[in-house]
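In: below are the sequence and a predicted model; questions follow.
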Amino acid sequence: MSRTSFDRLFELARAIFDERAPVYSLGPEISSLAELVREHATIQIDPSQVRGVGETHAATGLALSPTMAGRCADDVARTAVFVRGLHRAIGESRGSAPERPTRALYAGCGPYALLALPAMASFGPDELQFTLLDIHGASIESARTVVGALGLSDHVAAFEAIDACRYRIPLGRPPDVILSETMNACLRTEPQVAIIRHLHAQAPSAALVPESVRVDAYLVDVVKEFRFVEQDADSSPPKRDRVFLGTVFELSAETIASWTDERGDRLPAASIRIPDPLEPRYTPMLLTQVVVDRDHVLRAYDSGLTIPKHVPFDGPIRGGETLAFHYRLGSRPGLVCEAA
């Protein structure tokens, strides 16, 4: 074990946890964190690798390949906000059960277990114990190597190469915190909904990280929405023209509880009405907001997770029309939109 590597991790963790630093200023720290774990990982990023090589099409959605999962480390805001939110959730859990280690379950840890490492560095093994899950055995072995090289093996109760939707939480040892970032914008394609629903059903008192993922519908002037103007640090943010239509779908402890009796291959979502007349400059679009933990939030354009997407409707959308949504489960998860 290299004590130097642990020291570097500890210092990076302190810098990332410092709430005085805006998330957008943490690029150097997140890059250094990614560089540190890649020094020890058994899976290395191959820029020439075709995107789909090594991915797994599971019954509940697409699991990114270990290489693509490793690339997520470079999404600065995503990494920083999740690291901060997880740290706070663990700290709050420590306060409610200080007599034992907080149990954290990390579903889809990838080849680095990246989001968990700063928390491991800031809490002792008698305060925090992780269970790390990933569907890819190569990712689990890489994560095991990284954790060991950083001197954090005592912080991990178990490494499990398993589909998180098949994982059974040990009786009498429910997690206090459940972490999973297995999602795409608008909760498409990847199995975040299925994973969180499956694990939360077994540990309904656990804090969820992220706390909620919300998909909202807007009318958007796409000319203004996607006009990227080079700005300096003192310039105001781009002016966008949006009309809020309503929240279409939300993944949270509250909504999961409301789905208790849902047994089919779909989950309920909302309907929205398109204003009449629909002004020509507007296009209906979906925007994702990820609340990792209270004020640790990813909003539109903060991350690849929150890029706006077109409403998945087959055909033109007209003024006065009501659009009904539901969430499709299964191997191609995502929101479905139909005319009401």
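Out: Cool, the structure landed.

In: what's the neighbour count on Pro101?
Out: 20 (other CB atoms under 10 Å). Backbone N, C-alpha and C define where each C-beta goes, glycine included.

In: likewise the one 3 residues further on?
Out: As a burial measure, the neighbour count of Ala104 was computed by other CB under 10 Å and equals 29.

In: for it, grab phi and psi.
Out: Per-residue torsions, Ala104: phi -120, psi 130 (degrees, to the nearest 10).

In: which of the residues in stretch 98-112 are buried?
Out: 101-112 (16 or more other CB atoms under 10 Å).

In: turn these into CSV, including secondary structure.
Out: Putting the buried residues of stretch 98-112 into CSV (DSSP: H, G, I helix; E, B strand; the rest coil) gives the following:
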residue, secondary structure
Pro101, coil
Thr102, strand
Arg103, strand
Ala104, strand
Leu105, strand
Tyr106, strand
Ala107, strand
Gly108, coil
Cys109, coil
Gly110, coil
Pro111, coil
Tyr112, coil
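
In: just put those in TSV and tack on distance to Asp265.
Out: Formatted as TSV, the buried residues of stretch 98-112 follow (distance: CB to CB, whole Å):
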residue	distance to Asp265
Pro101	38
Thr102	35
Arg103	32
Ala104	31
Leu105	26
Tyr106	27
Ala107	21
Gly108	22
Cys109	28
Gly110	28
Pro111	31
Tyr112	33
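
In: make CSV from those and add distance to Asp314 and pLDDT to it.
Out: Formatted as CSV, the buried residues of stretch 98-112 follow (distance: CB to CB, whole Å; pLDDT from 0 to 100):
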residue, distance to Asp314, pLDDT
Pro101, 51, 97
Thr102, 47, 98
Arg103, 45, 98
Ala104, 42, 98
Leu105, 38, 98
Tyr106, 38, 98
Ala107, 33, 98
Gly108, 31, 98
Cys109, 37, 98
Gly110, 34, 97
Pro111, 38, 97
Tyr112, 39, 98
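
In: what residues of the worst-scoring helix or strand of the chain on mean pLDDT count as buried?
Out: Sorting the helices and strands of the chain by mean pLDDT, DSSP states H and E puts helix 222-225 at the bottom, at a mean of 91. Across helix 222-225, burial judged by 16+ other CB under 10 Å covers Glu225.

In: and the strands in the stretch 101-250 of the chain?
Out: For the stretch 101-250 of the chain, applying DSSP state E, counting those that start in this stretch gives strands covering 102-107, 128-134, 156-161, 177-180, 207-209, 212-221, 242-252.

In: do you know how far Thr182 is from Leu305?
Out: Relative to Leu305, Thr182 is positioned 11 Å away (CB to CB, to the nearest Å).

In: cool, and Ile274?
Out: Ile274 is 26 Å from Leu305, by CB to CB.

In: look at the two and report which has more neighbours.
Out: More neighbours surround Leu305 than the other of Ile274 and Leu305, with 24 against 19 (other CB under 10 Å).

In: thought that one was touching Arg78?
Out: Yes: applying CB atoms under 8 Å, one finds Leu305 in contact with Arg78, separated by 5.9 Å.

In: residues near Val220, how many?
Out: By the criterion of other CB under 10 Å, Val220 has 22 neighbours.

In: which ones are touching it?
Out: When contacts are counted by CB atoms under 8 Å, 6 or more residues apart in numbering, Val220 touches 240-242, 282-285, 308.

In: and for Tyr218?
Out: Shown in contact with Tyr218 (CB under 8 Å, 6+ apart): 242-245, 284-287.

In: so where's the stretch 201-340 of the chain shaky on pLDDT?
Out: Residues of the stretch 201-340 of the chain meeting the criterion pLDDT under 70: 228-237.

In: ok, the closest residue to Gly52 other than its chain neighbours - contacts?
Out: Among residues not flanking Gly52 along the chain, Ser65 sits closest, at 7.5 Å (CB to CB, 6 or more residues apart in numbering). Listed by CB under 8 Å, 6+ apart, the contact partners of Ser65 are 49, 52-56, 136.
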